[in-house]
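Asker: quick one, structure for this:
(one chain, ligands or ions: 1)
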Amino acid sequence: MSGRPMIVIGSANTDMVMEVPTLPTHGETVLGHEFKIVSGGKGANQAVALARLGTRPVTFIACLGDDDFGRAALDNYKKDNIDTDHIVIKEGAYSGVACIFVAEDGENAIGVSAGANALLTPEHINQNEELISSAAMVLLQLETPLETIERAIDLCNKHNVPVILNPAPAKGPLDSRILAKVQLLTPNETEASHLSGIEVVDLASAEQAAKKLLELGVKEVIITLGEEGALHCTKQDCHHIKAPAVKVVDTTGAGDTFTGGLATALTEGLDIEKALLFANHAAALAVTKAGAQPSVPTREQVEAFLAEK
Ligand code: RIB
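Answerer: Numbering: from 1, shown residues only. Below is the predicted model:
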């Protein structure tokens with residue numbers, strides 16, 4: 001690592017997690033099993049992934065409420081050696097909360113109440129321009145206001161700082177004006193379907209969706225395909241990197257660990273194939289444990305897993 005900070009700009013949530021036999025459908029009540037409160041939020045999960053996977057220093061730019069959840073989140077980030085100096089605490093706001101059902105097959109359904117995440121403004125990004133200009137890379141997701149995300153992308157482009165946009169959660173197409181400013185986009189299958197208008201059901205449709213996103217102006221796309229691994233496409237070509245087989249316990253936060261792993265490996269100078277291998281192994285380990293941040297593996301765990309044959 002160069003000593004330049006890796007910066008995550010994004011959401012911080014407290015996850016209310018309930019284990020259920022199957023995900024409830026419309027109007028259905030499902031009797032659940034265990035209930036836990038854990039630290040989550042796509043931005044925070046990615047910051048934790050960077051820190052545990054060995055990136056130093058990691059700075060998290062986010063907005064928390066002045067409540068117990070916010071204070072607990074700050075303590076957790078500090079335990080992971082994340083620089084919290086640029087996190088805003090909004091008086092009178094409540095911290096972001098996610099209600100998560102996790103089914104026995106590891107799949108989940110998530111509802112998020114943004115709370116203070118919705119109060120992270122472009123002005124806050126402007127105040128951090130000097131810091132952003134010094135970054136090795138910036139990671140962004142879609143759980144904070146879009147104008148804030150766009151401002152961050154603009155500043156990164158102004159200062160030639162590489163950006164990864166993890167477009168999660170994507171509900172529909174994203175303005176092509178924004179997509180055209182993005183170097184690297186990392187949607188999962190559902191997000192790639194929403195963003196491209198092409199339903200991703202297999203490798204061939206994933207490739208079509210990736211090509212559509214490239215046509216819309218993104219320079220590089222990585223579609224994460226769960227147990228099938230990841231597909232990396234540029235205008236020149238596409239590569240599929242398989243994921244290692246594991247027993248799935250909970251997929252929550254796996255995409256965040258993947259993005260953190262990818263960013264770590266790329267900033268260490270690994271080529272894209274090796275970076276994807278590292279990210280796939282990190283994400284595979286994450287799905288073997290319950291919870292978003294509790295399941296993020298350490299560098300040593302990922303290296304030991306990579307060495308297994
Ligand atoms: O990506 C997983 C995360 O999505 C959870 O931690 C939850 O907080 C939601 O933001």
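Asker: minimum distance to the ligand, which residue of the stretch 151-300 of the chain gives it?
Answerer: Ranking the residues of the stretch 151-300 of the chain by distance to the ligand (CB to the nearest ligand atom) places residue 292 first, at 3.5 Å. C-betas here are computed from N, CA, C, even on glycine.
Asker: surely that residue and residue 253 touch.
Answerer: Yes. Distance between residue 292 and residue 253: 3.4 Å, which falls inside the contact criterion (CB atoms under 8 Å).
Asker: what is in contact with the two at once?
Answerer: When contacts are counted by CB atoms under 8 Å, 6 or more residues apart in numbering, residue 292 and residue 253 have 40, 45 as shared neighbours.
Asker: the two: who's more crowded?
Answerer: residue 253 (32 against 29; other CB atoms under 10 Å).
Asker: what about the helices in the stretch 201-309 of the chain?
Answerer: Residue ranges of the helices in the stretch 201-309 of the chain, as given by DSSP state H, counting those that start in this stretch, are 203-215, 254-267, 272-286, 299-307.
Asker: looking at those helices, which one is packed in the most?
Answerer: Of all these, helix 254-267 has the most neighbours on average by mean count of other CB atoms under 10 Å, namely a mean of 27.
Asker: what mean pLDDT does that one get?
Answerer: For helix 254-267, the mean per-residue pLDDT is 97.
Asker: what's it packed up against?
Answerer: strand 6-9, helix 42-52, strand 137-140, strand 163-165, strand 220-224, helix 272-286 (3 or more CB pairs under 8 Å, 6 or more residues apart in numbering; DSSP states H and E).
Asker: a markdown table for the ones you listed, including distance to residue 151 and mean pLDDT?
Answerer: Below are the helices and strands packed on helix 254-267 laid out as a markdown table (distance: least, CB to CB, whole Å; pLDDT from 0 to 100):
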| stretch | distance to residue 151 | mean pLDDT |
| --- | --- | --- |
| strand 6-9 | 9 | 98 |
| helix 42-52 | 15 | 98 |
| strand 137-140 | 10 | 98 |
| strand 163-165 | 12 | 97 |
| strand 220-224 | 22 | 98 |
| helix 272-286 | 27 | 97 |
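Asker: I'd like those as TSV, with distance to the ligand appended.
Answerer: Compiled in TSV, the helices and strands packed on helix 254-267 are given as follows (distance: least, CB to the nearest ligand atom, whole Å):
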stretch	distance to the ligand
strand 6-9	13
helix 42-52	5
strand 137-140	13
strand 163-165	14
strand 220-224	12
helix 272-286	10
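Asker: residue 101 sits in which helix or strand?
Answerer: Residue 101 is part of strand 96-103 when elements are defined by DSSP states H and E.
Asker: for that strand, which positions count as buried?
Answerer: Of the residues in strand 96-103, 96-98, 100-103 count as buried by neighbour count, 16 or more other CB atoms under 10 Å.
Asker: within reach of the ligand, which of these are there?
Answerer: If you filter the buried residues of strand 96-103 for contact with the ligand, counting by CB under 6 Å from any ligand atom, you are left with residue 98.
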